[in-house]
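Trainee: No sequence on hand, only this structure:
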């Protein structure tokens, strides 16, 4: 693993498929590599070569010259390059061409790798560029005739030569998935049959099953994500920025973070990881239907920043995290294990400069003129959708039929040209099943087209022209957008950048043309781009009547309004471009990571168990050994119901064995009431107890041993103020389903752990403000904000006072003066204990062997000197201390 930092900022893009396609040159195509495939699988090579930055000419000893060597920041290539047949004098066998589709994504990340003088945006001369590397699958390899090649038949020498070419020409690092079943289970299985439908509000499109296939696909999804993360971890260098793309790799952020911050890599800087989800993110009510919901959310939260297309999706994601994982959240992020994960919105656009060049080509202008001549006297409505499981095209045709029904004056004067492009991966992998589903979708659309043309068409007029299941030439596409009188983009869900291309294509070609009247854009309010194109005519695609009425309004719209709306839309399209989107994500990642890395640098070290045990053993014969322990969250995990946090037999044995040695003075200082502590721990001989955060104390030694003492007796009868507190808590309990009140002798606690997370947190803030303004201002009380609870208690009593009392009592007698102190806790109330212990150690000139330990992540803010990650580790430590005590 590379640990040397790169001199220039580098971005590792982890993407499902690399932005280039691989073509095997005819002169070197060995027959065994040809796969049996039908001509329908032919790949159409793209028209334009990618402008992805290539690596500089490699020096001697680099991967290009010697593929077995490693160059920083470049990734190591396979040592198989030295295999027979991989002679560097052999003619180049491969050709790389840009991958079709996903133009917005590729142009955005491509812009980060270009010099500011490049024709691709951004145009700002001060824009920073990066060394970019791309980690992903090669996808389908084709020969020069477009026939697919069986990648499993590639020799090690083939792979090595291909790896070298990908790295030196396109800075790409392939992830080899040798198991075809795993690759299929990941993509066609879990991605396209589970995640994609769920994210688009179509759960279980194939019907409910027994879950066996989904379990296999989930296992494949995990394996593939781990494979991608492993490749990234091998190539990662300190200072790199990592950008994981889309729902195919939702587990990769957490897996990569785990690999980079494992036990043997403690010196590594905190990794900076971004995840951008290009699909919608469903509401928490929809997402919670996913059986693996917790695992997916935990995987996502391995990122430093999570990016979404619009605020609605970010809000859904935060809500899912709070409701399913029970984590704390803010409107802008999530807190998990002491880390702050930022959740932000980054609207994506297109490469406007490239779109301008396309629409201004002479071939496009000629086709625009030809189309206008062909449809002279008719208004052209243009729509474009993908053939997937969503009913977008069907609903659009229903709305157009409703329009012709309600507005007969437009019959014979308007034509809908609908382009329905294939969407790879959304249909079953099995050919028979795929054919059935394709035929079903095609039949539904064809039936609607036939009915509309049959009802309203004639020998000289065809209302709907449908280009089904085939890609349209780029010149033809821009010509259609340029000649349109209305753009009709009514996608039900997801991202559609056709609307951006439509706005660019509608620009005025001749500045002196007085007849120029740009076409209005009708846009579904459910698309991801609707929020950034507010000047479009937004519609609900599920309402055929609304779409029909809006279509009539658009056709009749005055020229001045058309021009005004177009100018506003064009300004928005030029503002929210793909290059700006990519740079915004990277800038946000670097900005968010700066304080995140600073916090990581201030982590609390893990407890040095050996030093603690040595100090414990060394204190024998020199004084007592004082052990001060919180209960909930320290000796037992936090649970939803307080009565479920009973001590385990292992814990009871450890405490009993510790207390058996008279040199050990063990105290449990808890927020629990006396009755609970007595019932759970009272049978352990010589165990001291403190209840309700120090309000009641049961010493184990000296006068009063075994008797509960009321430390609040001097404050008077608590019933007076408790009645007022209970009245307020009752008010909020009645209005917060799932909340309840816990009554203690000297305090009252309101729990909302079982309430709706978002609503419970909101009501807790309201309740806290109410208490502070009405009761706490006039009484010696304080309100403690705990983990999903609020507790009101006397302000003069806390756990720190208990520690002070125990230390003072022990030092009064030289024979019982502590030579060793261990203090462990997990929440804010325990910080009082840590502060008291720190003061005592400073007064003693640091001669006291004191260990203050917080339970939780290393990044938690605390005054403790050490940390342990979980309560089980505290119990294990107590067992070790008990074993050392008995020796």
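Mentor: Arrived safely, thanks for sending. Because the structure is a prediction, the values reported are computed rather than measured.

Trainee: Which residue, other than its chain neighbours, is closest to the spatially most central residue of the chain?
Mentor: The residue lying closest to the centre of the chain (C-alpha atoms, centre = their mean) is residue 300, at 3.6 Å. Computed as C-beta to C-beta, 6 or more residues apart in numbering, the closest residue to residue 300 that is not its neighbour in sequence is residue 250, at 5.4 Å. Placement of C-beta: from N, CA and C, glycine included.

Trainee: next one: residue 441
Mentor: Excluding the flanking residues, the one nearest residue 441 by C-beta to C-beta, 6+ apart is residue 387, at 6.3 Å.

Trainee: right, and the one you found touches residue 444 too?
Mentor: No. Here residue 387 does not reach residue 444: they are 11.1 Å apart, not a contact under C-beta atoms under 8 Å.

Trainee: more crowded one of these two?
Mentor: Counted by other C-beta atoms under 10 Å, residue 387 and residue 444 do not tie: residue 387 has more neighbours, with 21 against 14.

Trainee: May I have the beta-bridge partners of the more buried one?
Mentor: For residue 387, the beta-bridge partners are residue 422 (DSSP bridges).

Trainee: Next, give phi and psi for residue 661.
Mentor: Phi and psi for residue 661, reported as degrees, to the nearest 10, are phi -90, psi 120.

Trainee: Count the neighbours of the closest residue to it other than its chain neighbours for me.
Mentor: Nearest residue to residue 661, sequence neighbours excluded (C-beta to C-beta, 6+ apart): residue 885, at 4.5 Å. The number of residues packed near residue 885 is 18, by other C-beta under 10 Å.

Trainee: residues in contact with residue 885?
Mentor: Applying C-beta atoms under 8 Å, 6 or more residues apart in numbering, one finds that residue 885 lies in contact with 616, 625, 657-658, 660-661, 663-664.

Trainee: In which helix or strand does it reside?
Mentor: helix 871-886 (DSSP states H and E).

Trainee: May I see the buried residues of that helix?
Mentor: By neighbour count with 16 or more other C-beta atoms under 10 Å, helix 871-886 contains the buried residues 871-875, 877-879, 881-882, 884-885.

Trainee: Over to stretch 707-718?
Mentor: Neighbour-count burial for stretch 707-718 [16+ other C-beta under 10 Å]: 708, 711-712, 715, 718.

Trainee: for stretch 506-523, same thing?
Mentor: Those would be 506-507, 516-523, for stretch 506-523 by 16+ other C-beta under 10 Å.

Trainee: again with stretch 530-538
Mentor: 530-533, 535-538.

Trainee: What about the residues you listed, which are in strands?
Mentor: 537-538 (DSSP state E).

Trainee: just curious, which of the buried residues of stretch 530-538 is nearest to residue 554?
Mentor: residue 537 (6.0 Å; C-beta to C-beta).

Trainee: dump the residue contacts of that closest one.
Mentor: Applying C-beta under 8 Å, 6+ apart, the residues near residue 537 are 520-523, 550, 553-554.

Trainee: now with 7 Å?
Mentor: With contact taken as C-beta atoms under 7 Å, 6 or more residues apart in numbering, residue 537 is in contact with 520-523, 550, 554.

Trainee: how near is the residue lying closest to residue 774 once chain neighbours are set aside to residue 776?
Mentor: Distance criterion C-beta to C-beta, 6+ apart; nearest residue to residue 774, sequence neighbours excluded, is residue 728 at 7.2 Å. Remark: distance between residue 728 and residue 776 (C-beta to C-beta, to the nearest Å) = 11 Å.

Trainee: Kindly report the same for residue 355.
Mentor: In terms of C-beta to C-beta, residue 355 sits 61 Å off from residue 776.

Trainee: what about the two, which has more around it?
Mentor: Neighbour count, other C-beta under 10 Å: between residue 355 and residue 776, residue 355 has more, with 26 against 18.

Trainee: mind checking which helix or strand that one is in?
Mentor: Going by DSSP H and E, residue 355 is in helix 352-359.

Trainee: Repeat that for residue 313.
Mentor: helix 311-320.

Trainee: just residue 139 next, same as before
Mentor: Per DSSP H and E: nothing holds residue 139, as it lies in no helix or strand.

Trainee: got it, and residue 198?
Mentor: helix 196-199.

Trainee: Equivalent analysis for residue 256, please.
Mentor: Per DSSP H and E: helix 252-260 holds residue 256.

Trainee: who touches that helix?
Mentor: With C-beta under 7 Å, 6+ apart, helix 252-260 has contacts from 14, 225-226, 228-230, 232-233, 236, 242, 244, 268, 271, 273, 275, 298-303.

Trainee: and after that helix, which helix or strand comes next?
Mentor: Note on helix 252-260: by DSSP H and E, the next helix or strand toward the C-terminus is strand 272-276.

Trainee: can you give me the angle that next one makes with helix 252-260?
Mentor: 160 degrees (axes from the mean of the first three to the mean of the last three C-alpha atoms, to 10 degrees).

Trainee: Could you tell me how far strand 272-276 lies from the centre of the chain?
Mentor: Remark: strand 272-276 is offset 8 Å from the chain centroid, using C-alpha atoms, centre = their mean, to the nearest Å.

Trainee: Kindly write the PyMOL command that selects the buried subset of the contacts of residue 885.
Mentor: Selection of the buried residues among the contacts of residue 885 in PyMOL, burial being defined by 16+ other C-beta under 10 Å:
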select buried, resi 616+625+657+658+661+664
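
Trainee: Would you format the contacts of residue 885 as CSV with pLDDT, distance to residue 342 and secondary structure included?
Mentor: Shown next, in CSV, are those (pLDDT from 0 to 100; distance: C-beta to C-beta, whole Å; DSSP: H, G, I helix; E, B strand; the rest coil):
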residue, pLDDT, distance to residue 342, secondary structure
616, 92, 42, helix
625, 91, 45, strand
657, 93, 46, helix
658, 93, 44, helix
660, 92, 51, coil
661, 91, 50, coil
663, 90, 50, coil
664, 91, 46, strand
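
Trainee: before we move on, back to that, and for the residue nearest to residue 300, the neighbour number?
Mentor: With other C-beta under 10 Å as criterion, residue 250 counts 23.

Trainee: what sits against it?
Mentor: 296, 299-300.

Trainee: Please repeat the previous calculation with a cut-off of 8 Å.
Mentor: 195, 225, 275, 277, 296, 299-300.

Trainee: Tell me which helix or strand comes right after the helix holding residue 313.
Mentor: Following helix 311-320 toward the C-terminus (DSSP H and E): strand 328-330.

Trainee: Mind listing what's buried along the helix or strand following that following strand?
Mentor: Using DSSP H and E, the helix or strand that follows strand 328-330 in sequence is strand 333-336. Of the residues in strand 333-336, those buried by neighbour count under the rule 16+ other C-beta under 10 Å are 333-334, 336.
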